[in-house]
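Engineer: build me a structure from this.
(chains A and B)
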Amino acid sequence: MRMTRYFLPVLREVPSEAQITSHKLMLRAGMIKQAVSGIYSWMPLGLKVLQKIERIVIEEQERAGHLPLLMPTIQPASLWKKSGRYDDYGEEMLRIRDRHNRDLLYGPTNEELITEIFSSHVKSYRDLPLTLFHIQWKFRDEMRPRFGVMRGREFLMKDGYNFDIDMKAAIHSYNRHMVSYLKTYERLGLKAIPMRADTGPIGGKYSHEFLVLADTGESEVFFDKRILDFNFGISKVNFEDIDECQKIVDKWTTPYARTDETHNPETFEREVPKEFQGVSKAIEVGQIFYFGTKYSDPMGALVTNSEGKQVPVHMGSHGIGVSRLAGAIIEAFHDEKGIKWPVSVAPYKVGIVNTVMGDQVSCEVSEKIYSELSNVGLETIYDDRDERAGSKFTTMELIGIPWRITVGPRGLKKGMVELTNRHTSKSEEVPTDNIVSVLLETV
RNA sequence: CGGGGCGUAGCGCAGCCUGGUAGCGCAACAGUUUUGGGAACUGUAGGUCGUUGGUUCGAAUCCAAUCGCCCCGACCA
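Structural biologist: As a prediction, the model looks like this:
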């Protein structure tokens, strides 16, 4: 992408509406624009990041055997009356009425709708287990939206729902989700800790939240510091293997890790040696639930089991806040100059800064590198604006491009360009002819 | 929803107390000179001062209502 052809409305000063780092940086980098309190437009750069996160989430869900579908944002109130949540959900649910006076709502979540889809098509235990998910915009009319996309009213969420014949099978689904989530966060560059959680309005007995430690987080968490050393690694997982999944879950859920909702000071003191006791603020980036027959009972989602009996299906649901993750990643990766995207979600991997637009050689070299990088499929943003070099460096740093190629008179004579890493701030001189292969090796 | 703050040009702000018809920096546009760390000069353009009503000869300024945004608290991906 050429900067001169792009729409990148960066700001030099911070709009007064922003308080926390991620919100400030998202506004300054031209990623988002507020439409109304808690509701944002995603500008081209922001959308690019959002889609990268989405892509990783989808890949890891599909790898775990979960099937994508897409449900509507608008749902009939009748379904929610059936489950009893139309009254329970409260003011957070946006209720609307169509021209025929039908009661509708903008979905805050999809248990009812998915259960109806399930029950109208699945009748036999032979079709189980089944897990469906989608990534879709949700609306929850928060009392106080804040912190940009971290607590918006409209937000993009991956929500998934599993259907199993009994509790044992449903627990495996629960475990499978935990494993897939751990992998997902790791690919996003985040250290997310599963913590025992309350079930809230979703209901049920089992639940874990996934939290990323950050000073700007809204939850207070208590944990055994040794869990921070856990690494998922790139290990392959057989998601069908009940024992293997259980083992991973056991490993990650054994150390004490709880939010202020479930925290028990006595247990904490008893189980965790003083030197490993960790207390921090954290950002919640996902939650998984097992809630048994809470929805299948009232909504009549029955399947025939192997004995020919009609039994309510066991269910769970699972959410990852995709739009929130964009903010959470910035909270985890930034410095005083701006964002430092992990390569996996960076909107562009490489930025080319042509420092002397008036110089023919500098332009030719920049153009050549740009087209070569584009040809090999490395996403590249080329700053071809007629601006001062300093201004271009600042922009690249602000928007967090991991690798910067500087083309300018200093190296040109020697046939060199400069390659700078945004995370380490280290620079090296690379022969112009080798730059593409060097990048292909490192990125 | 309770408590607090703020709405003046795209962004950041001054002016308001003590009414006299709007200003600064950055950004934008045109030109000249610049060209490896947010360039300089010259010029141009851009605002019914959130909205409505009131007081007044006269309101950004005083009064009232209303809308919006932000912060703190109770709730949540």
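
Engineer: now the helices: where do they sit in the stretch 301-443 of chain A?
Structural biologist: Taking DSSP state H, counting those that start in this stretch, the helices of the stretch 301-443 of chain A run over residues A:322-332, A:360-375, A:389-398, A:409-412, A:435-442.

Engineer: out of the ones you listed, deepest packed?
Structural biologist: helix A:322-332 (a mean of 26; mean count of other Cβ atoms under 10 Å). Every C-beta, even on glycine, is put in place using the N, C-alpha and C of the backbone.

Engineer: buried residues, stretch A:374-381. List them.
Structural biologist: A:Leu378, A:Glu379, A:Thr380, A:Ile381 (16 or more other Cβ atoms under 10 Å).

Engineer: returning to what we had before: including mean pLDDT and distance to A:Arg176, could the helices of the stretch 301-443 of chain A go into a markdown table?
Structural biologist: Output for those, formatted as a markdown table (pLDDT from 0 to 100; distance: least, Cβ to Cβ, whole Å):
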| stretch | mean pLDDT | distance to A:Arg176 |
| --- | --- | --- |
| helix A:322-332 | 96 | 20 |
| helix A:360-375 | 95 | 38 |
| helix A:389-398 | 96 | 39 |
| helix A:409-412 | 90 | 51 |
| helix A:435-442 | 95 | 34 |
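
Engineer: possible to save the ones you listed as TSV with distance to RNA strand B?
Structural biologist: Below are the helices of the stretch 301-443 of chain A laid out as TSV (distance: least, Cβ to the nearest atom of the strand, whole Å):
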stretch	distance to RNA strand B
helix A:322-332	4
helix A:360-375	8
helix A:389-398	2
helix A:409-412	3
helix A:435-442	13
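
Engineer: need these in CSV with distance to A:Arg196, can you?
Structural biologist: Shown next, in CSV, are these (distance: least, Cβ to Cβ, whole Å):
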stretch, distance to A:Arg196
helix A:322-332, 20
helix A:360-375, 46
helix A:389-398, 39
helix A:409-412, 55
helix A:435-442, 40
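
Engineer: out of those, the one nearest A:Tyr106 is which?
Structural biologist: Taking Cβ to Cβ, helix A:322-332 is the member of the helices of the stretch 301-443 of chain A nearest to A:Tyr106, at 15.6 Å.

Engineer: select the helix or strand of chain A having the lowest average pLDDT value.
Structural biologist: Ranked by mean pLDDT, DSSP states H and E, the weakest helix or strand in chain A is helix A:85-88, scoring a mean of 87.

Engineer: picking that back up, A:Pro194: which of the helices of the stretch 301-443 of chain A is closest?
Structural biologist: Closest approach to A:Pro194 among the helices of the stretch 301-443 of chain A (Cβ to Cβ): helix A:322-332, 15.4 Å.

Engineer: any chance you could list what contacts that closest one?
Structural biologist: The contact list for helix A:322-332 (Cβ atoms under 8 Å, 6 or more residues apart in numbering) reads A:20-23, A:25-26, A:31, A:46, A:49-50, A:53-54, A:57, A:135, A:147-152, A:155-158, A:188-190, A:212, A:214, A:216-217, A:283, A:285, A:339, A:341-342, A:345.
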